[in-house]
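A.B. asks: let's see this in three dimensions:
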Amino acid sequence: MNSLLELEGKAALVAGGGQGMGRAAAILLARAGCRVAVLDVVVERAETVAAELAQLGAESHAIAADVTESQGARDAVSGAVKAFGRLDRLVNIVGMASWGALLELDEATWDADHRLNLKQHFLVGRAAAAQMIEQGEGGSIAMVASVSGLFGAPRHGAYGAAKAGLMALTKTMAEEWYPHGIRVNSVAPGSVRTPRIMAQQASGEAPSESDPDAARWVEMDDIAGALLFLSSGLAKSVTGQTLVVDSGKTALFPFSMS
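C.D. replies: I've put the predicted structure just below:
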């Protein structure tokens, strides 16, 4: 299977790899044969996941950086290159929604959501692409968008707007970097059963009715699997795309048939 994925020995950076979907993606990449640099803003989380990967027999490295800043994004990429000598794959899961109606949303929260869910993808993606171009052997970038960028996003409008922007940015990155052999894609999850969203719902910060159909919830490994596919040789002709992983939620007919 690993030969089919064509990931054996590839150097991967997982931004946001210290927990949740990022941890799940890091584990799958390691199992596929990648050397994995785990990036998190909290060094202890990155170190914990890197240790897990080492127990699986993978070469791993922990990096701590704030990728919402230009220097942090450059440090993340240079840290992976220092560890492995190169960078072949970037998987970026970093992001989080702020909750609140638009009429109550302050500008600082709007700006913070866009830094975290859009701007940092530009910063990290650009730094990774520059490294891949310098190497001259291509590579791939896979980022996490959201179905909130495909629909209206009530009570998380800044997040939805940022994720819509990310899907547009995916296409532009793919077009500009295609001549260098770099593929760029995104995954748009539906309702994912992460510890963070479960805690936000339990506390009332996030609406508990975000998806009342329990059968439509997506597991973290489902998103990790999509990111693995987009990073692999199986997706060698896939670029500029957003893969929706939502248990068919966006396929539902929007009007009543009664």
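
A.B. asks: contacts, neighbours, all on C-alpha from now
C.D. replies: OK.

A.B. asks: quick one, strands of the stretch 1-150 of the chain?
C.D. replies: Secondary structure of the stretch 1-150 of the chain (DSSP state E, counting those that start in this stretch): strands located at 11-15, 35-40, 60-64, 89-92, 139-144.

A.B. asks: Throw the ones you listed into a markdown table and include mean neighbour count, distance to residue 130 and mean pLDDT, thanks.
C.D. replies: Output for the strands of the stretch 1-150 of the chain, formatted as a markdown table (neighbours: other CA atoms under 10 Å; distance: least, CA to CA, whole Å; pLDDT from 0 to 100):
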| stretch | mean neighbour count | distance to residue 130 | mean pLDDT |
| --- | --- | --- | --- |
| strand 11-15 | 30 | 14 | 98 |
| strand 35-40 | 31 | 18 | 98 |
| strand 60-64 | 25 | 19 | 98 |
| strand 89-92 | 27 | 12 | 98 |
| strand 139-144 | 27 | 11 | 98 |
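
A.B. asks: out of those, which is closest to residue 2?
C.D. replies: Nearest to residue 2 among the strands of the stretch 1-150 of the chain is strand 35-40 (13.2 Å), distances taken as CA to CA.

A.B. asks: figure out how far the closest one is from the centre of its chain.
C.D. replies: Centroid separation for strand 35-40 versus its chain: 13 Å, with CA atoms, centre = their mean, to the nearest Å.

A.B. asks: repeat for stretch 124-140
C.D. replies: Remark: stretch 124-140 is offset 17 Å from the chain centroid, using CA atoms, centre = their mean.

A.B. asks: tell me who's in contact with the nearest residue to residue 32 once chain neighbours are set aside.
C.D. replies: Residue nearest to residue 32 in three dimensions, not counting chain neighbours: residue 2, with 5.3 Å by CA to CA, 6 or more residues apart in numbering. Going by CA atoms under 8 Å, 6 or more residues apart in numbering, residue 2 touches 8, 32, 33.

A.B. asks: per-residue pLDDT, residue 2?
C.D. replies: Residue 2 carries a pLDDT score of 77 in this model.

A.B. asks: for residue 255, same thing?
C.D. replies: Confidence score, pLDDT, at residue 255: 87.

A.B. asks: what is the neighbour count of it?
C.D. replies: If you count neighbours by other CA atoms under 10 Å, residue 255 ends up with 6.

A.B. asks: for it, what are its contacts?
C.D. replies: By CA under 8 Å, 6+ apart, residue 255 has no neighbours at all.

A.B. asks: next: residue 166.
C.D. replies: So residue 166 contacts 117, 118, 121, 145 (CA under 8 Å, 6+ apart).

A.B. asks: this completes my enquiry, with thanks.
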